[in-house]
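> turn this into a structure:
(2 chains)
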2 protein chains.
Amino acid sequence: MALIVHKYGGTSMGSTDRIRNVAKRVAKWVRAGHQMVVVPSAMSGETNRLLGLAKELSPTSVTPAVMREMDAIAATGEQVSVGLLAIALQAEGMEAVSYAGWQVPVATDSSFTKARIESIDDVRVRADLAAGKVVVITGFQGIDPEGHVTTLGRGGSDTSAVAIAAAMKAAECLIYTDVDGVYTTDPRVVPEARRLSTITFEEMLEMASLGSKILQIRSVEFAGKYRVPLRVLSSFTPWDIDITEEAASGTLITFEQEDENMEQAVVSGIAFNRDEAKVTLLGVPDKPGIAFQILGPVAEANIDIDVIIQNVSHDGKTDFSFTVHRNDYARTMELLQNTVGPATNASKVMGDPKICKVSIVGIGMRSHVGVASKMFRALSEEGINIQMISTSEIKTSVVIDEKYMELAVRALHKAFDLDQEQAATA
Amino acid sequence: MALIVHKYGGTSMGSTDRIRNVAKRVAKWVRAGHQMVVVPSAMSGETNRLLGLAKELSPTSVTPAVMREMDAIAATGEQVSVGLLAIALQAEGMEAVSYAGWQVPVATDSSFTKARIESIDDVRVRADLAAGKVVVITGFQGIDPEGHVTTLGRGGSDTSAVAIAAAMKAAECLIYTDVDGVYTTDPRVVPEARRLSTITFEEMLEMASLGSKILQIRSVEFAGKYRVPLRVLSSFTPWDIDITEEAASGTLITFEQEDENMEQAVVSGIAFNRDEAKVTLLGVPDKPGIAFQILGPVAEANIDIDVIIQNVSHDGKTDFSFTVHRNDYARTMELLQNTVGPATNASKVMGDPKICKVSIVGIGMRSHVGVASKMFRALSEEGINIQMISTSEIKTSVVIDEKYMELAVRALHKAFDLDQEQAATA
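Model (predicted):
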């Protein structure tokens, strides 16, 4: 008998029929001898409906007082879900009880609309489990030190589920979603993309932050920090699928250390992102403080920066490039042309919104030389010009012309043998 | 400066436009110098939607565990309302904060779906008011000693508002609803029906329990018990109506004692109810315990009884009549014919579902003889046969053939001069 946490997304909770199926699936796990905690999202569309109402009434400036109310309103979506699922479980003959975040309680800080979980009290939940009950807990929300309802931001239910699994020392946290696991890359771009049976936390973090929108990135960080075994699997399999088969399906996110002896693929996956734009300041003086002089005003304007490149200088001048979200491109260019460019004596401000970022991700990269050069060769063989390069321990990213994105992803997927069942080492 | 509680029904909260109007009205009261606590219902239709979802998933037997979840689900309707109204108030330039029942807290017993308020902690609300905030509190709900969410049953927001007004020692509790006050009788039956500017608690209780569905009866009991001045008024007046005019509109429910010196109308209103059915056992032995022998099995079958009549006996036999809700008529007749009739040796069981009850209500009745006879004369002049009579301190009810209901109500309304601005004393 193990303690297991299940998390179901909004689509899985989208109608009473679907909720009934979730209840049947959970009941199957109970009958197999497990203690179950379930964290469902709001019914699909509900959070948007609630926040839509709030926005219709909001004053022009969204103060913390307004955000406090938005959180209280949005949190009700999950409060309805947990009640409905508890009732559906009771109809399946289970004993079940639901709790809102404040009832557990799930303690957070006071950052309304993007609160962080600080602690979870497991006393009440543990007592219910010991009494043979299925415990259904709201995702996405908690309570701050002053007793206000807070929410964790979009996708926060993943984080809730992992945090609850960590607090309860659950054997595994299963995230049921609309894909059946983590793929080597997006199957819509590369039909040969293969589902990974395991991926390390570090790789998953890179994949998540690079645009594979399967899990909220904070949930992965949480799982890594508290060593919660995390599995992504499909909620679209029939609820009465064999439980051993179900337990082994999807992608298990593992701890690197545990897998040191395993044959490790060099590259686990290819991530990509076409939401970025590139800007460059040419011929800025290469002197201390120049980077801050450029990026300070950008950060002050609340523009998030991703890749930053500064190459070696010649003649006391250097070129400075960075990427921003494409929605911020116009604002960034204006800022550079009118303020930052003149202030730094840049010879020219250039920009290009039609770029994309493609990355190879793999824990094996650390100990294998030549991975980056293999990437660059594969791109060069396709005639794709690399505009920017950025590397970390376990990923290498390139910025290229947007129009080559699919071509680049397919070429890299093939170059690293990701379509093979056991990806070869370099 | 006075502390005022406003309560708004679901229709007043039915859309963002209407919520905006509620906010403007409340803001007007704040600007007139009042401290404001507002108790809104769920948006119209929302409670039914939520309970409908719950019922779709419920097991066949509705256990306390199911009811607990239904309460948690239904309570979210008001939680959305208070958040939206707080935001709308902020958009009007007010400082405003919303609380769910558990946050105040509003402490109740654990009778899910029909909980009773036990106490209200006013510390937090008082601090907010002192800080210049409008406080918006959910109606309909509270928290039980184990930390479960409870609801007070349909119409419970009226009771919440009155209980909060009592706990805060508010100067007045204004219930904004879809009628503009309490009338001498239903204007759909008697076009000359007149709005009462005041009515006593006792009269209001009789009017409410007799079928004038303006206020939840428990809210009136609460107001009487804690001496909360309560006013029923229309939410359909323009929000920018002159505040003195608004404050004096509707019907004020007063304490009898305070009005002892006022010229008191003998009869304040005519109530009626066609939801009842009459049953009679003829020729039962007139012996101790017979009433219990008849009504015990009826109560055991969970059938509510209203009027009970037992007349003096002759030859050791008596006739025993009572009324039940029309929906229970068939069950009641079956029970009497098959069980109670034979057991009590009744000579005959009779019944009639086509009856109605018409009542005159008035605190002045106590000290004025001849009120009942005036009622009977008015009915007799219209040729209406009286089947049953039942009286209390401040009301006289008759059961008559259903087809005479409108005629009887109109005749009585005229006989007691209720269409006159100052109803005359008898």
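> where do the domain boundaries of chain A fall?
A:3-257, A:263-426 (automatic domain parsing).
> do I have it right that A:Phe376 meets A:Ile386?
Yes: counting by CB atoms under 8 Å, A:Phe376 touches A:Ile386, with 6.6 Å between them. Heads up, the C-betas are built off the backbone N, CA and C, glycines and all.
> find residues that contact each of the two.
A:Val398 (CB atoms under 8 Å, 6 or more residues apart in numbering or on different chains).
> contacting residues around the residue in the stretch 201-350 of chain A that chain B sits nearest to?
Scanning the stretch 201-350 of chain A for the residue nearest chain B gives A:Trp239, at 14.9 Å (criterion: CB to the nearest CB). For A:Trp239, the residues meeting the contact criterion (CB under 8 Å, 6+ apart) are A:21-22, A:24-25, A:28.
> can I get stretch A:22-33 in CSV? Just the C-alpha atoms.
Output of stretch A:22-33 as CSV, limited to C-alpha atoms (Å, rounded to 0.1, in the frame of the first residue of the first chain):
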residue,chain,number,x,y,z
VAL,A,22,-12.1,10.5,-12.8
ALA,A,23,-13.9,9.1,-9.8
LYS,A,24,-14.0,5.6,-11.3
ARG,A,25,-10.2,5.8,-12.0
VAL,A,26,-9.4,7.0,-8.5
ALA,A,27,-11.7,4.3,-7.1
LYS,A,28,-9.7,1.7,-9.1
TRP,A,29,-6.5,2.9,-7.4
VAL,A,30,-8.1,2.7,-4.0
ARG,A,31,-9.3,-0.9,-4.7
ALA,A,32,-5.7,-1.7,-5.7
GLY,A,33,-4.8,-0.9,-2.1
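> list of residues touching it?
So stretch A:22-33 is contacted by A:1, A:4, A:6, A:8, A:12-13, A:36, A:38, A:40, A:85, A:88-89, A:91-94, A:134, A:235, A:239-240, A:243, B:57 (CB under 8 Å, 6+ apart).
> could you redo the last one with a cut-off of 6 Å?
Residues from elsewhere that reach stretch A:22-33, judged by CB atoms under 6 Å, 6 or more residues apart in numbering or on different chains: A:1, A:8, A:12, A:36, A:38, A:88-89, A:92, A:94, A:239, A:243.
> make a markdown table from the residues you listed and add pLDDT to it.
Shown next, in a markdown table, are these (pLDDT from 0 to 100):
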| residue | pLDDT |
| --- | --- |
| A:Met1 | 77 |
| A:Tyr8 | 97 |
| A:Ser12 | 94 |
| A:Met36 | 98 |
| A:Val38 | 98 |
| A:Ala88 | 98 |
| A:Leu89 | 98 |
| A:Glu92 | 97 |
| A:Met94 | 97 |
| A:Trp239 | 95 |
| A:Ile243 | 95 |
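> just the buried ones from the residues you listed, in PyMOL syntax?
Burial among the contacts of stretch A:22-33 is assessed by 16 or more other CB atoms under 10 Å in any protein chain shown; the matching PyMOL selection reads:
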select buried, chain A and resi 8+12+36+38+88+89+92+94
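> and the contacts of stretch A:22-33, which two are furthest apart?
A:Met1 and A:Ser12 (24.9 Å; CB to CB).
> which residues does A:Ile4 contact?
A:Ile4 neighbours (CB under 6 Å, 6+ apart): A:34, A:36, A:172.
> and the residue in the stretch 151-300 of chain A that chain B sits nearest to, bridged to which residues?
Closest contact between the stretch 151-300 of chain A and chain B, by CB to the nearest CB, is at A:Thr151 (11.8 Å). Per DSSP bridges, the residues bridged to A:Thr151 are A:Gln141.
> counting neighbours, what do you get for the residue lying closest to A:Pro64 once chain neighbours are set aside?
The spatially closest residue to A:Pro64, leaving aside those adjacent along the chain, is A:Phe112, at 6.1 Å (CB to CB, 6 or more residues apart in numbering or on different chains). By the criterion of other CB atoms under 10 Å in any protein chain shown, A:Phe112 has 24 neighbours.
> swap in the one 5 residues further on?
A count of nearby residues for A:Ile117, using other CB under 10 Å, gives 24.
> give me the pLDDT value at the residue nearest to it when sequence neighbours are not counted.
Nearest non-adjacent residue to A:Ile117, counting by CB to CB, 6+ apart: A:Ala163, 4.7 Å away. pLDDT for A:Ala163: 95.
> try the one 10 residues further on
On pLDDT, A:Cys173 comes in at 97.
> what pairs with the helix or strand that contains it, parallel or antiparallel?
For A:Cys173, the element it lies in under DSSP states H and E is strand A:172-177. Strand pairing for strand A:172-177, determined by DSSP bridges: strand A:3-8 (parallel), strand A:230-234 (parallel).
> could you dump the contacts of A:Trp239 into TSV and include neighbour count, pLDDT and secondary structure?
Below are these laid out as TSV (neighbours: other CB atoms under 10 Å in any protein chain shown; pLDDT from 0 to 100; DSSP: H, G, I helix; E, B strand; the rest coil):
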residue	neighbour count	pLDDT	secondary structure
A:Asn21	20	97	helix
A:Val22	24	97	helix
A:Lys24	16	98	helix
A:Arg25	23	98	helix
A:Lys28	17	97	helix
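> the helices in the stretch 1-150 of chain A, which residues?
A:16-31, A:46-57, A:64-91, A:123-130 (DSSP state H, counting those that start in this stretch).
> buried deepest among these, which one?
Mean neighbours per residue, mean count of other CB atoms under 10 Å in any protein chain shown, is largest over the helices of the stretch 1-150 of chain A for helix A:64-91, with a mean of 26.
> which strands or helices does it pack on?
helix A:16-31, helix A:46-57, strand A:96-99, strand A:134-137, strand A:149-151, helix B:46-57, helix B:64-91 (3 or more CB pairs under 6 Å, 6 or more residues apart in numbering or on different chains; DSSP states H and E).
> ok and the strand holding A:Cys173 relative to helix A:16-31, angle-wise?
160 degrees (axes from the mean of the first three to the mean of the last three CA atoms, to 10 degrees).
> tell me which parts of the stretch 151-300 of chain A are close to chain B?
Residues of the stretch 151-300 of chain A lying near chain B by CB under 6 Å from any CB of the partner chain: none.
> flag the shaky bits of the stretch 151-300 of chain A, pLDDT-wise.
A:209-213, A:256-265 (pLDDT under 70).
> picking up where we left off before, out of the contacts of stretch A:22-33, who's nearest chain B?
A:Ala88 (4.4 Å).
> surely that closest one meets A:Arg20?
Yes: using CB atoms under 6 Å, A:Ala88 makes contact with A:Arg20 at a distance of 5.3 Å.
> please identify the deepest-packed of the domains of chain A.
Of the domains of chain A, domain A:3-257 is the most buried (mean count of other CB under 10 Å), at a mean of 21.
> chain center to that domain, what's the gap?
Remark: domain A:3-257 is offset 13 Å from the chain centroid, using CA atoms, centre = their mean, to the nearest Å.
> do stretch A:278-293 as well
32 Å.
> with adjacent residues omitted, what lies nearest to A:Val398?
A:Ile386 (4.9 Å).
> whoops, A:Arg126 was the one
A:Met168 (7.2 Å).
> try A:Thr76
Per CB to CB, 6+ apart, closest to A:Thr76 is B:Thr76, 3.9 Å.
> try A:Glu381
Using CB to CB, 6+ apart and skipping residues adjacent in sequence, the residue nearest A:Glu381 is A:Ala411, 7.2 Å away.
> got a list of contacts for the one helix or strand the one you found maps to?
Element membership for A:Ala411 (DSSP H and E) is helix A:405-415. The contact list for helix A:405-415 (CB under 6 Å, 6+ apart) reads A:185, A:189-190, A:270, A:272, A:274, A:356, A:358, A:360, A:378-379, A:382, A:384, A:400.
> what about those residues, which are in strands?
The strands, defined by DSSP state E, take in A:270, A:272, A:356, A:358, A:360, A:400 from the contacts of helix A:405-415.
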